[in-house]
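Student: predicted structure and sequence below. I'll ask about it afterward.
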Amino acid sequence: MKEIKNILVTGAVGQIGSELTLALREKYGAENVIATGRKTEPSKELKESGPFHFIDVNSVESVEEIIKKYDIDTIVHMAAILSAVGEKNPTLAWDVNMNGTLNILNLGVKYEMARVVVPSSIAVWGPGTPAVAPQDVALHPTTMYGVTKVCGEILADYYVKKYNLDSRGLRYPGIISSETLPGGGTTDYAVAIYYEAVKNRQYTCFVREDTRLPMMYMPDCLKATIDLMEAPFENLKRHNDYNVGSMSFTVKDLADSIKKVMPDFTVSYEPDFRQAIADSWPDAVDDSAAREDWGWNPSFDLDSMTKDMLEKLQARHDKGLL
Ligand code: SER
């Protein structure tokens, strides 16, 4: 297994990319983790903590320039269009998620990379999937985002077999975090609810209160990603489609958890087109393969996440930063 030294993160301005970049800089050295984004300005922290460049994963030249400049041996490919935006613009979702991923995998082969991380999502499943999604089950997504994630997993697995590229990926549940807002996903309500609780004590949710989805807190998401990236290759019985679970709750459970800390918090419900997307995804996932192969074991549950989220957001709100 080749050593990881110089890492390129695509989508580094996004919800997961922004915190993952900082975690990788901590571990691998600030100068060795190159953050990239397409057009959104990076936060001060991201920009000042190490190198940042604008690239477009649909332009091979723009990515290749960075690979050569920094002698990149590992790509963590976080750039993607999420489910809700993807339903508004399916062609854009296909272009960024498929052609962009193909470019990254081809560059991984060309530059004999040590590792390419290509994340996937609970969006690979569709209606009719068992409530607890098994590791191996038919994948029939009904969103363009899901279609591209299924194709991306199979494509990356093909590169492992055909070119011996060490590509790895995991199916993220909805990710909840306090630093960077998610952009254009269906699970975004589980983040927005905390921000609105702190700011207004009220949230109007775009899915019904009985909507149940698999979710994970950011510290566990960072741990899962880095642990899989660093796991010995010979331990991996699969490559780009590991289920990772952590929690599963309804919006009502989430609101009740917040109410334990903030008794005056209220939620109302105005479901929109994202309800159908949420309904097409399973309630929870069976992640025994990840537990067995690379020791996956999450730390946070709903109430410990709520406590941490509210403390962090309240502190920023008190300083006028929210
Ligand atoms: N968070 C994503 C979305 O809602 C799912 O992976 O689109």
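Tutor: Perfect, thanks for sending it.
Student: what sits against residue 73?
Tutor: Residue 73 sits next to 2-7, 111, 113-115 when contact means Cβ atoms under 8 Å, 6 or more residues apart in numbering. C-beta coordinates here come from the backbone N, C-alpha and C atoms, glycine included.
Student: enumerate every residue touching the residue of the chain most remote from its centre.
Tutor: Of all residues in the chain, residue 264 has its C-alpha farthest from the mean position, at 31.6 Å, by Cα atoms, centre = their mean. Neighbouring residues of residue 264 by Cβ under 8 Å, 6+ apart: residue 201.
Student: same question for residue 146.
Tutor: Counting by Cβ under 8 Å, 6+ apart, residue 146 makes contact with 83, 121, 123-126, 139, 280.
Student: from residue 152, how far out is it?
Tutor: Using Cβ to Cβ, to the nearest Å, one gets 10 Å for the distance from residue 146 to residue 152.
Student: before we move on, what about residue 287?
Tutor: In terms of Cβ to Cβ, residue 287 sits 19 Å off from residue 152.
Student: and what of residue 259?
Tutor: Counting by Cβ to Cβ - residue 259 and residue 152 are separated by 39 Å.
Student: higher neighbour count, those two?
Tutor: Using other Cβ atoms under 10 Å, the more surrounded residue of residue 259 and residue 152 is residue 152, with 27 against 15.
Student: give me the phi and psi for the more buried one.
Tutor: phi -60, psi -40 (degrees, to the nearest 10).
Student: please report phi then psi for the single nearest residue of the stretch 151-300 of the chain relative to the ligand.
Tutor: Using Cβ to the nearest ligand atom, the closest approach of the stretch 151-300 of the chain to the ligand is made by residue 185 at 2.8 Å. Dihedral angles phi and psi of residue 185 (degrees, to the nearest 10) take the values phi -100, psi 170.
Student: get me the contact residues on the stretch 101-250 of the chain for the ligand.
Tutor: By Cβ under 6 Å from any ligand atom, the residues of the stretch 101-250 of the chain that approach the ligand are 121-123, 145, 172, 174, 185-187.
Student: among those residues, which are located in strands?
Tutor: 121, 172, 174 (DSSP state E).
Student: pull the contacting residues for the second one.
Tutor: Right, residue 172. 16, 119-122, 216, 221, 224, 244.
Student: all helices for the stretch 201-322 of the chain, in order.
Tutor: Under the criterion DSSP state H, counting those that start in this stretch, the stretch 201-322 of the chain contains helices at 218-230, 251-261, 274-279, 288-294, 302-318.
Student: next, format those helices as JSON lines and append distance to residue 57.
Tutor: Putting those into JSON lines (distance: least, Cβ to Cβ, whole Å) gives the following:
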{"stretch": "helix 218-230", "distance to residue 57": "18"}
{"stretch": "helix 251-261", "distance to residue 57": "33"}
{"stretch": "helix 274-279", "distance to residue 57": "24"}
{"stretch": "helix 288-294", "distance to residue 57": "26"}
{"stretch": "helix 302-318", "distance to residue 57": "31"}
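Student: which of those is buried the deepest?
Tutor: Among the helices of the stretch 201-322 of the chain, the stretch with the highest mean neighbour count (mean count of other Cβ atoms under 10 Å) is helix 218-230, at a mean of 20.
Student: what mean pLDDT would you report for that one?
Tutor: Helix 218-230 comes out with an average pLDDT of 98.
Student: and it, what other elements does it pack with?
Tutor: Helix 218-230 sits against helix 15-28, strand 74-77, strand 115-117, strand 170-172, strand 174-176, helix 288-294, with contacts defined as 3 or more Cβ pairs under 8 Å, 6 or more residues apart in numbering; DSSP states H and E.
Student: now do residue 63 against residue 9, distance only.
Tutor: 12 Å.
Student: what about those two, which has more around it?
Tutor: For residue 63 versus residue 9, the count of surrounding residues by other Cβ under 10 Å is larger for residue 9: 29 against 25.
Student: for the more buried one, which residues are in contact?
Tutor: Applying Cβ under 8 Å, 6+ apart to residue 9 gives the contacts 17, 20-21, 24, 33-36, 75-76, 78.
Student: out of those, which is nearest to the ligand?
Tutor: residue 78 (11.8 Å).
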